[in-house]
Every structure is written in C-alpha cells, then in structure tokens.
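**Q** sequence unknown, structure follows:
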C-alpha cells in the first residue's frame, strides 16, 4: 500500500464563496421564520382575546382572558421555535446558497478568462450544483469561438504561405488565392459582432 495514491472524495473547505450574497440569502430566510412565528403568535393572541380561561394557580381558581393566559406560552414557544428553526435554516440555506454561489463564482472566472482570450478552458461544475445549463452553454460558446479562431489562424497561415510563394514566383494565380483566403478570413470575422 505504500506509495499508492488514494483518491479521497472532494471535501468542501470554504462554505462562504460570495459572502455578501450568501449572508443576504440566509438573513432573508431567517427573517421569514421570525415573521412566521410572530404572525402565528399574533393570530393566536388576537383570536383568543374574546374568550376566557379558568386555571388553578397556587391552589386558587383564576379566571382571565385566554389571550393573557396564552401570551407567555406563545412568547416562549415563538422564541424557542425561532432559535431551533433558525439554526437549522442557517445551515440549510448555507448549503443551498453554496450550490448557487459556487457555480456563479466559477462562471464569473470562466467568462473573465474567455474575455482575456483563453479559449482552451472548460467549465466543470459538481453534479448537484445549480446553473449547470448556463455552464453547458458557456462551454458550447467557447468551443464555437475556438473553432472560428482556429479557422482564422489556419487561413492566416495559408495566406502567409501564399504570400511567400507569390514573392518567389510573382504569379497572378497566387494573388487570386490570397484574395480568396482574405475573403474567407473576412467571412469568419463576420461571425463576430464588434
């Protein structure tokens, strides 16, 4: 076993890729949990305002409005729910936002590289990541650009060869080939809107 390379599964090291986006994403979901708890508690309190409840407290029979009786229970339940569900919501939204922010980061870097002239790259996303259709379209675009640039490069090389031959032989036939190749280059360049 010594000297053999063991393939370890990819382990995520950084959960915050785009801190601003992911923080806003998490805060919005947590605010929804808080709003839901406050709304639920408020509705129960409001609906129980017109009823009364009897209870025994310290061996005495007490009659009070149901709303006053439930208010401490609603408050404690809402706070506990906000804390428990909030923690789970933070963890879940962190992982969900990572599947969006990570691919967005990779796409941003790929677009920057293509803008700088790198047509040899391929965008690869993990299997569960979002934005895979956009990555596939970007890869198709890179392949098409690569084909156009390769054609232009080949025609420029051919044109250079014709020019060398034309200088040596001073033939009109080579001039026609040069013009034909220039037209083909212009046609390829015409595929791009500048």
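**A** Happy to help now that I have it. Quick caveat: nothing in here was measured; it's all calculated off a predicted structure.

**Q** Hmm, residue 114 is touching residue 121, no?
**A** Yes - between residue 114 and residue 121 a contact is recorded at 7.4 Å, counting by CB atoms under 8 Å. For glycine as for every other residue, the C-beta is placed from the backbone atoms N, C-alpha and C.

**Q** neighbour-wise, which of the two wins?
**A** residue 114 (18 against 14; other CB atoms under 10 Å).

**Q** all strands in the chain, in order from the N-terminus.
**A** 52-57, 60-65 (DSSP state E).

**Q** which stretch among those comes nearest residue 35?
**A** Smallest distance to residue 35 across the strands of the chain (CB to CB): 25.5 Å, for strand 60-65.

**Q** Distance of residue 94 relative to residue 186?
**A** Noted for residue 94: a distance of 52 Å to residue 186, by CB to CB, to the nearest Å.

**Q** Those two: which is more packed in?
**A** Taking neighbours as other CB under 10 Å, residue 94 and residue 186 compare with residue 94 leading, 17 against 11.

**Q** Give me the buried stretch members for stretch 71-87, please.
**A** By 16 or more other CB atoms under 10 Å, the buried positions in stretch 71-87 come out as 74, 78, 81-82, 85-86.

**Q** Is it possible to get JSON lines of the strands of the chain that adds distance to residue 162, mean neighbour count and mean pLDDT?
**A** Listed next are the strands of the chain as JSON lines, based on distance: least, CB to CB, whole Å; neighbours: other CB atoms under 10 Å; pLDDT from 0 to 100:
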{"stretch": "strand 52-57", "distance to residue 162": "99", "mean neighbour count": "10", "mean pLDDT": "82"}
{"stretch": "strand 60-65", "distance to residue 162": "98", "mean neighbour count": "10", "mean pLDDT": "84"}
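
**Q** possible to save those strands as JSON lines with distance to residue 153?
**A** Shown next, in JSON lines, are the strands of the chain (distance: least, CB to CB, whole Å):
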{"stretch": "strand 52-57", "distance to residue 153": "85"}
{"stretch": "strand 60-65", "distance to residue 153": "84"}
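
**Q** For the residue nearest the centre of the chain, give me its contacts.
**A** Nearest to the geometric centre of the chain sits residue 100, at 2.8 Å (CA atoms, centre = their mean). By CB atoms under 8 Å, 6 or more residues apart in numbering, residue 100 lies in contact with 21, 25, 130-131.

**Q** Kindly report the same for residue 17.
**A** 98, 101-102, 105.

**Q** From residue 176, how far out is residue 162?
**A** 9 Å.

**Q** do the same with residue 49
**A** Counting by CB to CB, the gap from residue 49 to residue 176 is 96 Å.
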